[in-house]
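> One predicted model, sequence on top.
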Amino acid sequence: MNHTLEQFASQCHDFLKNSPGPAGRQKVAEALEDVLVDQDFIAKHLPPTTGEREIIYQDPELGFCILVHHYLGQKSSDPHDHAHSWAIYGQVHGRTEMRDYQKIEEASADKPGKVKEIRTYALTPGIAHLYNEGDLHAPERKDSTSLIRIEGTDMSKVKRLKYEVV
């Protein structure tokens, strides 16, 4: 296998440039699944000292980011989307229980939106899953996990609205 970050980032760039919508993102998710099982890549870019959120690459033209995450112990998130962007979650170690939601009521800056759960599934090592704009989901990790995530933009700089389950 022997993927390099540079080669993988270039591959992602080409997929997204040539097919900027969901089809290109799905190709990125499929390529990510190959990287998720490349133990040399994982050892180099996701060592035990990895924090909860580290950007290891940001594309200068398209703006997408490749991140590594290591969560110690239990960790969960409230239902959320990625605002005007998208994300691909790729499981490296551990198990993430993911829940998808249907929007019942729009969110605003003043009040959370309302959602209902529609599906639960597991992300296990080697699995990558694409979340397009507006896809509402919530991860739950019952033990330590590691993942590689690709965001359409640096989500740490994006204001997102809140949602609550009804």
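That came through, no problem.

> switch to C-alpha atoms for all contacts and neighbour counts from now on
Noted.

> Just give the number of residues close to residue 161.
The burial count assigned to residue 161 is 17, neighbours taken as other C-alpha atoms under 10 Å.

> likewise residue 15?
19.

> Could you say which helix or strand holds it?
helix 5-18 (DSSP states H and E).

> What helices and strands are in contact with that helix?
For helix 5-18, the packing partners by 3 or more C-alpha pairs under 8 Å, 6 or more residues apart in numbering; DSSP states H and E come out as helix 22-36.

> Sort out which residues of the helix it packs on are buried, please.
If you call a residue buried by 16 or more other C-alpha atoms under 10 Å, then helix 22-36 has these buried ones: 24-33, 35-36.

> try stretch 135-142
Quick answer for stretch 135-142 (16+ other C-alpha under 10 Å): 135-141.

> Would you map the strands across this structure?
54-58, 65-71, 75-76, 87-93, 96-105, 113-123, 128-131, 136-141, 145-151, 163-165 (DSSP state E).

> between the longest one and strand 145-151, how big is the angle?
I take that to be strand 113-123. Here the directions of strand 113-123 and strand 145-151 differ by 120 degrees (axes from the mean of the first three to the mean of the last three C-alpha atoms, to 10 degrees).

> hang on, the earlier thing: and which of the buried residues of helix 22-36 is nearest residue 157?
Residue 157 has its nearest neighbour among the buried residues of helix 22-36 in residue 25, at 21.0 Å by C-alpha to C-alpha.

> ok, the closest one - contacts?
Residue 25 makes contact with 15-16, 19, 130 under the criterion C-alpha atoms under 8 Å, 6 or more residues apart in numbering.

> Quick one: buried ones out of those?
With neighbours counted using 16+ other C-alpha under 10 Å, the contacts of residue 25 contain these buried positions: 15-16, 130.

> what's the closest of those residues to residue 67?
Nearest to residue 67, judged by C-alpha to C-alpha, of these is residue 130 at 14.6 Å.

> where does this structure have low pLDDT?
Filtered on pLDDT under 70, the chain yields the residue ranges 1.

> any idea how far the residue lying farthest from the centre of it is from residue 163?
Going by C-alpha atoms, centre = their mean, the residue of the chain most distant from its centre is residue 110, 26.6 Å out. According to C-alpha to C-alpha, to the nearest Å, residue 110 and residue 163 sit 11 Å apart.

> What of residue 55?
Counting by C-alpha to C-alpha, the gap from residue 55 to residue 163 is 26 Å.
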